[in-house]
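Q: output the structure for:
(one chain, ligands or ions: 1)
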Amino acid sequence: MIDPADVLAWYDREQRDLPWRRPGVTPWQILVSEFMLQQTPVARVEPIWLSWIERWPTPSATAAAGVADVLRAWGKLGYPRRAKRLHECATVIAIEHGDEVPSDVEVLLTLPGIGAYTARAVACFAYGQRVPVVDTNVRRVIARAVHGRADSPPSSRDLDDVATLLPEGPEAPRFSVAVMELGATVCTARTPRCGLCPLGTCTWRSLGYPAASAPARKVQRYAGTDRQVRGRLLDVLRGSSSPVSRDQLDVVWLTDPAQRDRALDSLLIDGLVEQTADGRFALAGEGS
Ligand code: SF4
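A: Here you go, the predicted structure:
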């Protein structure tokens, strides 16, 4: 078991000062941070989030922006479909929910771009609800401290697993963010810093750190991938206030024309890019 008192006292001392955790941040702004933090490190998210919420502090303000403006503001955070889904989410909240982010997990799950993790994260961090929130950091801490394993793949048992650890009462949301913080900063995937760990007991450590049964996941490379090509194509379109020709796009990736064509097709299919009547290309919403 994990003693909540250990984790909470540690969190009070060691938590990072992240802007979306400060007083006065609204549920919408927390939701924006959760969209941005999916697969993107805090250091890259922080400046984009700050300028984003200054420009578009509410769902209706975001919904009123063009998709192209949202894609430009997303900058180089990567996985730009998230930006489009965030815009769609803002639109639904503005129109159907009176510009207020719903607090109910089941309602949150009906919104564009919101999955099991994000729905519970918003309910917990924005509304202080006692709901289990499980990301890779939480899953790893519990795998190690409770189950004595190096890590665990996602499982249908995760939510129940975490729910049994949640303290009763108002400490539950803070306990959730504290365990997440512990996994992000101390009990990291590759080099856990057990000397700094606040947990009184850890089964994995007691067992002598048995090796993982599955090989460690390879770090995803970026160079040379379709993601990189998509990023380069979007850079051209973000930097232009008018549609661009095919030639202007082709020059960004000359090494593999088939890969470039595939990347451009995928941007069109994702609705991030559109083609004008005369065959040029533009960010979504700027092609007519
Ligand atoms: S003792 Fe080490 S492995 Fe166990 S939870 Fe703490 S940091 Fe992770």
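
Q: how about the one helix or strand in the chain whose mean pLDDT sits lowest: buried residues?
A: Least confident helix or strand of the chain, by mean pLDDT, DSSP states H and E, is helix 158-163 with a mean of 92. Neighbour counts over helix 158-163 (16 or more other C-beta atoms under 10 Å) mark 158, 161, 162 as buried. In this view, the C-beta of every residue, glycine as well, is placed from N, C-alpha and C.

Q: make a markdown table from those and add distance to the ligand to it.
A: Formatted as a markdown table, those follow (distance: C-beta to the nearest ligand atom, whole Å):
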| residue | distance to the ligand |
| --- | --- |
| 158 | 17 |
| 161 | 15 |
| 162 | 15 |
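
Q: quick check: which ranges of the stretch 101-250 of the chain have low pLDDT?
A: 216, 219 (pLDDT under 70).

Q: run the last query once more with 90
A: 152-157, 169-170, 212-223 (pLDDT under 90).

Q: in it, which spans are helices?
A: 105-108, 116-121, 136-145, 158-163, 172-185, 203-206, 226-238, 246-250 (DSSP state H, counting those that start in this stretch).

Q: residue 259: which of those is closest?
A: Closest approach to residue 259 among the helices of the stretch 101-250 of the chain (C-beta to C-beta): helix 226-238, 5.8 Å.

Q: need the contact partners of that closest one.
A: 71-72, 76, 78-80, 222, 244, 248-249, 252-253, 259-260, 262-264, 266-267, 272-273, 281-283 (C-beta atoms under 8 Å, 6 or more residues apart in numbering).

Q: can you tell me which of those are in strands?
A: Among these, the members falling in strands (DSSP state E) are 273, 281, 282, 283.

Q: which of those sits closest to residue 127?
A: residue 283 (34.1 Å).

Q: picking that back up, quick check: PyMOL command selecting the buried ones in the contacts of helix 226-238.
A: To isolate the buried members of the contacts of helix 226-238 in PyMOL, using 16+ other C-beta under 10 Å:
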select buried, resi 71+72+78+79+80+244+249+253+260+263+264+266+267+272+273+281+282+283
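
Q: domain map for this structure?
A: Taking the TED database as the reference, the chain has its domains at 1-15+129-216, 16-125, 224-281.

Q: near the ligand, which residues of the stretch 101-250 of the chain?
A: By the rule C-beta under 6 Å from any ligand atom, the part of the stretch 101-250 of the chain lying against the ligand is 141, 144, 145, 186, 187, 192, 194, 197, 199, 202, 204, 205.

Q: which residue is nearest the centroid of the protein?
A: residue 38 (1.7 Å; C-alpha atoms, centre = their mean).

Q: once you drop chain neighbours, what's closest to that residue?
A: Leaving aside its sequence neighbours, residue 38 sits nearest to residue 82 (C-beta to C-beta, 6 or more residues apart in numbering; 6.5 Å).

Q: who does the host helix or strand of that neighbour touch, helix- and strand-wise?
A: For residue 82, the host element (DSSP states H and E) is helix 81-96. Applying 3 or more C-beta pairs under 8 Å, 6 or more residues apart in numbering; DSSP states H and E, one finds that helix 81-96 contacts helix 27-37, helix 59-64, helix 67-74.

Q: nearest to the ligand, out of the ones you listed?
A: helix 27-37 (21.2 Å; C-beta to the nearest ligand atom).

Q: list the contacts of the closest one.
A: Contacts of helix 27-37 (C-beta under 8 Å, 6+ apart): 20, 45, 48-49, 52-53, 57-59, 77, 82, 85-86, 89-90, 93, 100-101, 103, 113-114, 117-118, 121-122, 125-127.

Q: look up how far residue 57 lies from the closest residue to residue 55 other than its chain neighbours.
A: Excluding its sequence neighbours, the residue lying closest to residue 55 (C-beta to C-beta, 6+ apart) is residue 73, at 6.8 Å. The gap separating residue 73 from residue 57 is 13 Å, by C-beta to C-beta, to the nearest Å.

Q: alright, I will stop here.
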